[in-house]
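> Sharing a sequence plus its predicted fold:
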Amino acid sequence: MNPHPDRTAPAGTPLYRRAPLPARHVEPVLDVAVPVFNEQTDLEPNVRRLHAHLRDTFPYPFRITVADNASTDRTPHIAARLADGLAEVDWIRLPEKGRGRALRAVWSGSRAPVLAYTDVDLSTGLAALLPLVAPLISGHSDLAIGTRLAPGSRVVRGPKREVVSRCYNMLLRHTLAVGFSDAQCGFKAVRRDVAQRLLPLVRDGGWFFDTELLVLAERAGLRIHEVPVDWVDDLDSRVDILATALADLRGIARLRREPGRRRRTRAGAV
């Protein structure tokens, strides 16, 4: 398969495309992971809403995989009931917390050619789901991300989270020279063949997983498609902003001091 050039390649460099997926599929084309921890209230209504949306709008077979991160409430029982009642829903149980661990487990075990995830609160409008995965199905792009920071996005959230998000993405641009606009939006997709090569290189198992995956992909010259999204802040979010920010800073520092790993990635590790 032809390698992908960096998005900053000089003018005239040919852009290679991956082959589009066949028009007819029996097995799921898309596997949407939903990482959860103690989400007994939101899990069932939101998974059913996601399932109905995919059933009504997605033109290929699909799967939804609930990844339970060691919940201590009724979340695993609800996930099992959903899997029993909906043919397109599956679930797994992980012994440790961590969104990155959940995504690694689901994506590593899936046979679907396109892998995605969304936060269980469905803060991101589902109308963006088909635009998110379409470039991966067609072979145009390798990864796709929802962005709340692009023209056309409509975002409703408090000033504190708005400032934290913008400062974080600005920090990434200045310290790691990234080109993507929004590392933390819980709405992403990747082709399985790309995930198979990137996942062994990603070390973080928590919230920094997304950022590290994208940084490695961009360093390898992979094509990252961005989709403006409608996004409404979950007022019941239990994310510890301070702890997450400190972990992100440690992750950024680690990526900055790994020049040997950066060169290997550029040389074609993926």
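Good, I have the coordinates.

> now Ser138: how far from Ala144?
The gap separating Ser138 from Ala144 is 11 Å, by CB to CB, to the nearest Å. Placement of C-beta: from N, CA and C, glycine included.

> If you count contacts, what does the longest helix along the chain end up packed against?
With residue count as the measure and DSSP state H as the assignment, the chain has helix 159-176 as its longest helix. For helix 159-176, the elements it packs on are helix 209-219, helix 241-256, judged by 3 or more CB pairs under 8 Å, 6 or more residues apart in numbering; DSSP states H and E.

> Most tightly packed of the ones you listed?
Among the helices and strands packed on helix 159-176, ranked by average contacts under mean count of other CB atoms under 10 Å, first place goes to helix 209-219 (a mean of 23).

> who's in contact with that helix?
6-7, 98-100, 103-104, 142-143, 145, 172, 176, 178-180, 183-184, 186, 188, 190, 194, 198-199, 201-204, 224, 248, 251-252, 255, 262, 265-266, 270 (CB atoms under 8 Å, 6 or more residues apart in numbering).

> who's Val66 bridged to?
Each beta-bridge partner of Val66 is listed here, defined by DSSP bridges: Val34, Trp91.

> What about it, how many residues nearby?
Other residues lying near Val66 total 27 when counted by other CB atoms under 10 Å.

> What of Gly152?
Residue neighbour count, defined by other CB under 10 Å, stands at 9 for Gly152.

> helix, strand or coil for it?
coil (DSSP: H, G, I helix; E, B strand; the rest coil).

> burial count for the closest residue to it other than its chain neighbours?
If you skip the residues right next to it in sequence, Gly152 has Pro228 as its closest partner in space, 3.7 Å away by CB to CB, 6 or more residues apart in numbering. Each residue near Pro228 was counted by other CB under 10 Å, and the total is 19.

> again, but for Arg157
By the measure other CB under 10 Å, the count of residues near Arg157 is 17.

> My read is that it contacts Trp231, right?
Yes - with contacts counted by CB atoms under 8 Å, Arg157 reaches Trp231, the gap being 7.2 Å.

> does the residue nearest to the spatial centre of the chain count as helix, strand or coil?
The geometric centre of the chain, computed from its C-alpha atoms, lies nearest to Lys188 (CA atoms, centre = their mean), at 3.0 Å. Secondary structure, three-state DSSP: Lys188 is strand.

> Find the nearest non-adjacent residue to Leu129, please.
Computed as CB to CB, 6+ apart, the closest residue to Leu129 that is not its neighbour in sequence is His53, at 7.0 Å.

> Tell me if I am right that the one you found is in a helix.
Yes - applying three-state DSSP, one finds His53 inside a helix.

> Now do the longest helix of the chain against helix 209-219: the angle between them, please.
Computed with axes from the mean of the first three to the mean of the last three CA atoms, to 10 degrees, the direction of helix 159-176 lies at 30 degrees from that of helix 209-219.

> Let me see the residues that make contact with helix 159-176.
By CB under 8 Å, 6+ apart, the surrounding residues in contact with helix 159-176 are 148-149, 155, 178, 181-184, 211, 215, 233, 241, 245, 248, 252, 255-256.

> So which bits of that helix are buried?
By 16 or more other CB atoms under 10 Å, the buried positions in helix 159-176 come out as Val164, Ser165, Tyr168, Asn169, Leu171, Leu172, Leu176.

> Just the CA trace of that helix, in CSV.
What follows is the C-alpha trace of helix 159-176 in CSV, where atoms were taken according to Å, rounded to 0.1, in the frame of the first residue of the first chain:
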residue,chain,number,x,y,z
PRO,A,159,-16.8,29.9,30.2
LYS,A,160,-14.5,27.8,32.4
ARG,A,161,-14.5,24.7,30.1
GLU,A,162,-14.4,27.0,27.1
VAL,A,163,-11.2,28.7,28.3
VAL,A,164,-9.6,25.4,29.4
SER,A,165,-10.3,23.8,26.0
ARG,A,166,-9.0,26.7,23.9
CYS,A,167,-5.9,27.0,26.1
TYR,A,168,-5.1,23.3,25.8
ASN,A,169,-5.4,23.3,22.0
MET,A,170,-3.3,26.5,21.8
LEU,A,171,-0.7,24.8,24.0
LEU,A,172,-0.6,21.8,21.7
ARG,A,173,0.0,24.0,18.7
HIS,A,174,2.9,25.9,20.4
THR,A,175,4.6,22.9,22.1
LEU,A,176,4.0,20.1,19.6
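
> Having no further points to raise, I will conclude here.
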